[in-house]
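A.B. asks: one predicted model, sequence on top.
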There are 2 protein chains.
Amino acid sequence: MDTTARTAYYKKMFEDYLSPVISGFEETGGIHGACAYSLSAPGKRLRPVVAMMSNEACSGNPAETLPVCLAIEMIHTFSLIHDDLPAIDNDDLRRGRPTCHKAFGEATAILAGDALIFAAFSSVGNSRLKVDAKADIMLEMAEACGLNGLIKGEYDDIKAEGENAGFDEIKDIYVNKTSRLFELSAYSGVRVATADEDLLNNMRTFGRHLGLAFQAIDDILDVTSSPSVLGKTPGKDAIQDKATIIKAIGIDGARKWAEEQTGLALNAISGLKAGHLKNIALDMLKRIN
Amino acid sequence: MDTTARTAYYKKMFEDYLSPVISGFEETGGIHGACAYSLSAPGKRLRPVVAMMSNEACSGNPAETLPVCLAIEMIHTFSLIHDDLPAIDNDDLRRGRPTCHKAFGEATAILAGDALIFAAFSSVGNSRLKVDAKADIMLEMAEACGLNGLIKGEYDDIKAEGENAGFDEIKDIYVNKTSRLFELSAYSGVRVATADEDLLNNMRTFGRHLGLAFQAIDDILDVTSSPSVLGKTPGKDAIQDKATIIKAIGIDGARKWAEEQTGLALNAISGLKAGHLKNIALDMLKRIN
């Protein structure tokens, strides 16, 4: 199976696992319904795919990662819901549909985001993983997303709007707001199968550089793409005067940097038979949306 | 040591554990500073005290519960920050100080609340507790606070404003928005020391009824107290037309019901040498703020 087919296969595996969760939430309604709405927005499910491919690369059983994939997608969804709020990015549309607060009101969107964080920990805690893997992965989730991870990245991202942030500062923001969830995905996929420290550290490094390349390409597309190809309105970074790598080193510089980051990602897993994971990293450079 | 002295002793133990965490956050500043601000608001620290007394009641070592106490207080603080937001209860003051969003802005308050959830899981995950206790407590935290716990209670509480909610519906809201954190406190205090299922279930039952009594007294004080004694503005429930037990069965009915709940709480731990815990429940009926 080539990497495109393998990606589609894992994406479908994840969607099949997610689907009854969403149906159950829809049936319950109320705050559950708001969570279902945001979880069901069509997405690439890239983080779950990375977790499953990381697991595959160390001879695991990718199906065992599914509760962790769900947890990571729930956290990703929480971060989108809260980012879109009027007090933060104030977005009305996400993937062509009204944002959660537009559809359900601001109070419900705040609470739905909160609930998805706890639901993520429930997903791992209720899984059949071994107890030491559960505890390690839950701690990794907390550290990747908390005060020194995702949330710090979002905070620094807001604070850097309209400022002349330097290259290192922007890189720090990218690490936290984007890489940490990719690190978590790669780490968790492996941790489900093994507690090998070196392997886990290499996977974190892979995720870090993959995330940096992903964010640089995202920023390039925001400048160069059209709404019909991108699936969202480009040009938002410039309007909000966001601290982006483009602002610091230009489009060509950003592309070159994304290529370097991809090289570093590949380097981190050079010792592994991880063909699909390597191709995912290379394909990310070519993505158009 | 009588129960008043014991309560003060555990409260100080917790404050001494919390204090360097707050100082560290203040030193870092930014989003950490907003978390420190809200964590340092003077409070009764009732949930940590309940956790330590529950631990003591089953011959544990209360100091071992401190990372869990910190986690529960962080979750409690997160829920206050998000509850106070303009889109939810729109409160400007909390314990005599500006609310988090008044002091730091709405975006920061949303993110600080989010960060405290993750920090709570980090506190337990990074502790020296045994791995099975860690995993169990983290799962209990997730379940107590998520879509079928605290967050559902807050959502239902908002939705019931201005409605004629029935007694059972109000009790459900109270269980979720208030009891679940007391259940978690009593459960976790014991789980640090033992995995005994019966004991843990009894502790959950104790926490449930303690929380219901606590909330009923809270609602009574909102109707009967003065600002100087209460430390906050009374009468808010009526202004917001909240679904309270007072609205359903009146003040006398609510007081009688709180007494019944206290009896059920005491009943759940009747087999334990848990004098302080029983006194805490009895004292709660007499509290004036």
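C.D. replies: Structure received.

A.B. asks: now stretch A:112-124: mean pLDDT?
C.D. replies: Across stretch A:112-124, pLDDT averages out at 98.

A.B. asks: can you list the buried residues in it?
C.D. replies: Neighbour counts over stretch A:112-124 (16 or more other CB atoms under 10 Å in any protein chain shown) mark A:112-124 as buried. For glycine as for every other residue, the C-beta is placed from the backbone atoms N, C-alpha and C.

A.B. asks: can you check stretch A:269-282 too?
C.D. replies: Buried residues in stretch A:269-282 (16+ other CB under 10 Å): A:269, A:272, A:274, A:276-281.

A.B. asks: now do stretch A:252-262
C.D. replies: By 16+ other CB under 10 Å, the buried positions in stretch A:252-262 come out as A:254-255, A:257-258, A:261-262.

A.B. asks: show me what contacts residue A:232?
C.D. replies: A:93-96 (CB atoms under 8 Å, 6 or more residues apart in numbering or on different chains).

A.B. asks: ok so, going back, just the buried residues of stretch A:269-282: which are in helices?
C.D. replies: Among the buried residues of stretch A:269-282, the members falling in helices (DSSP state H) are A:276-281.

A.B. asks: is chain B within reach of stretch A:104-111?
C.D. replies: Yes: residues of stretch A:104-111 are located near chain B by CB under 8 Å from any CB of the partner chain, namely A:105-108, A:110-111.

A.B. asks: excluding its backbone neighbours, what's nearest residue A:219?
C.D. replies: For residue A:219, ignoring the flanking residues on the chain, the nearest one in space by CB to CB, 6 or more residues apart in numbering or on different chains is residue A:244 at 4.4 Å.

A.B. asks: roughly how far does the one you found sit from chain B?
C.D. replies: To chain B, residue A:244 is 19 Å away according to CB to the nearest CB, to the nearest Å.

A.B. asks: and that residue, how many neighbours?
C.D. replies: Applying other CB atoms under 10 Å in any protein chain shown, we find 25 other residues in the vicinity of residue A:244.

A.B. asks: cool, residue A:284 as well?
C.D. replies: Residues contacting residue A:284 under the criterion other CB under 10 Å number 20.

A.B. asks: contact partners for it?
C.D. replies: Residues near residue A:284 by CB under 8 Å, 6+ apart: A:210, A:213-214, A:217, A:262.

A.B. asks: quick check, it in a strand?
C.D. replies: No: per DSSP: H, G, I helix; E, B strand; the rest coil, residue A:284 lies outside any strand segment and is helix.

A.B. asks: ok, for residue A:224, nearest residue in space, not its chain neighbours?
C.D. replies: residue A:251 (7.0 Å).

A.B. asks: so where do the strands sit in the stretch 151-289 of chain A?
C.D. replies: Remark: strands of the stretch 151-289 of chain A are absent; assignment by DSSP state E, counting those that start in this stretch.

A.B. asks: still on that earlier bit, need the buried residues of stretch A:269-282 in TSV (columns: distance to residue B:240).
C.D. replies: TSV is the format used below for the buried residues of stretch A:269-282 (distance: CB to CB, whole Å):
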residue	distance to residue B:240
A:269	55
A:272	57
A:274	56
A:276	54
A:277	52
A:278	57
A:279	56
A:280	50
A:281	52
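
A.B. asks: CSV please, covering these and showing pLDDT and distance to chain B.
C.D. replies: What follows is those, written out as CSV (pLDDT from 0 to 100; distance: CB to the nearest CB, whole Å):
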residue, pLDDT, distance to chain B
A:269, 96, 26
A:272, 92, 27
A:274, 91, 28
A:276, 94, 30
A:277, 95, 27
A:278, 95, 31
A:279, 95, 32
A:280, 94, 27
A:281, 95, 27
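
A.B. asks: thanks a lot, catch you later.
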